[in-house]
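Engineer: generate coordinates for the sequence data below:
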Amino acid sequence: MKRLILASNNKKKIMEMKEILKELDIEVKSLENENINIDVIEDGETFEENAKKKAKEIYAFLLKRGDKDFIVLADDSGLAVDYLNGEPGIYSARYAGEHGNDAKNNEKLLQKLSGVPKENRGARFICQLAMFTDRGEYFEVTGEVKGYIIEELHGAGGFGYDPLFFYEQLNKTFGELIPEEKNQISHRGNALKELKRIIHEFL
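Structural biologist: As a prediction, the model looks like this:
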């Protein structure tokens, strides 16, 4: 069976992606599952550059190791707030300085939007996927979802900015959604739905 290797060490992101991809006839693996201890430096200027770099470095490592029958999938995603001219953008995971500190990142975002009215708090979650096959074929897909940033945290689910991102169609924040609800409408869910069609054709 072909393996799909997720080029990430983010356990919550991996869990989310595995759940969305579970219907595929493919073995989904993390870097840890594959004994790959590589932390790719995300120094690109766009989500696309970062996702492609992560996928390409893991792809090159697997080729050098002599692996076959694999697909490498990388995700770079984040939040873009209209009032902040697209911030935090590619710096979403380290907005407050320390990588992956959700509490500090949310705190900084709320400070930056202090006093800003609802109509100016529009935001988008963006997910950029980059995929290399073991034959060197390259595919990329983008997914987005629109909402706005509320003034205080709501919900203990999800991760990152989910408790601040309000999705009007369900009248809830992403932090208040159960995983099945979020995966149906999220930026990552939208991108992976498109990618699944590509993988089906490839397989």
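Engineer: residues in a beta bridge with residue 30, which ones?
Structural biologist: residue 6 (DSSP bridges).
Engineer: now do it against residue 145, distance only.
Structural biologist: From residue 30 across to residue 145, the span is 24 Å (Cβ to Cβ, to the nearest Å). Every residue, glycine included, has its C-beta placed from N, CA and C.
Engineer: mind pulling up the pLDDT for the residue of the chain most remote from its centre?
Structural biologist: In the chain, the residue that sits farthest from the middle, by Cα atoms, centre = their mean, is residue 115; the gap is 28.9 Å. We have a pLDDT of 97 for residue 115.
Engineer: make 334 the first number, not 1, from now on.
Structural biologist: Yep, numbering from 334; the last one is residue 448 now.
Engineer: now the phi/psi pair for it, please.
Structural biologist: Per-residue torsions, residue 448: phi 80, psi 0 (degrees, to the nearest 10).
Engineer: least confident secondary structure element in the protein?
Structural biologist: helix 344-354 (a mean of 86; mean pLDDT, DSSP states H and E).
Engineer: which parts of that helix are buried?
Structural biologist: 346, 347, 349, 350, 352, 353, 354 (16 or more other Cβ atoms under 10 Å).
Engineer: quick check, nearest of the residues you listed to residue 376?
Structural biologist: residue 346 (19.5 Å; Cβ to Cβ).
Engineer: what packs against the least confident helix or strand of the chain?
Structural biologist: Contact here means 3 or more Cβ pairs under 8 Å, 6 or more residues apart in numbering; DSSP states H and E; on that basis helix 344-354 packs against strand 336-339, strand 360-363, strand 403-414, helix 512-518, helix 520-535.
Engineer: mind doing that once more with 7 Å?
Structural biologist: strand 336-339, strand 360-363, helix 512-518, helix 520-535 (3 or more Cβ pairs under 7 Å, 6 or more residues apart in numbering; DSSP states H and E).
Engineer: highest mean neighbour count out of the ones you listed?
Structural biologist: strand 336-339 (a mean of 22; mean count of other Cβ atoms under 10 Å).
Engineer: send the alpha carbons of that one over as PDB?
Structural biologist: Taking Å, rounded to 0.1, in the frame of the first residue of the first chain, the C-alpha atoms of strand 336-339 are listed here in PDB:
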ATOM      1  CA  ARG A 336       2.100   5.700   2.100                       C
ATOM      2  CA  LEU A 337       1.100   9.300   2.500                       C
ATOM      3  CA  ILE A 338       3.600  11.000   4.700                       C
ATOM      4  CA  LEU A 339       2.500  14.300   6.400                       C
END
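Engineer: which residues are contacting that strand?
Structural biologist: Contacts to strand 336-339, defined as Cβ atoms under 7 Å, 6 or more residues apart in numbering, come from residues 347, 350, 354, 359-363, 367, 391, 402-406.
Engineer: and that strand, how far from the chain's centre?
Structural biologist: Here the centre of strand 336-339 is set off from its chain's centre by 15 Å, with Cα atoms, centre = their mean, to the nearest Å.
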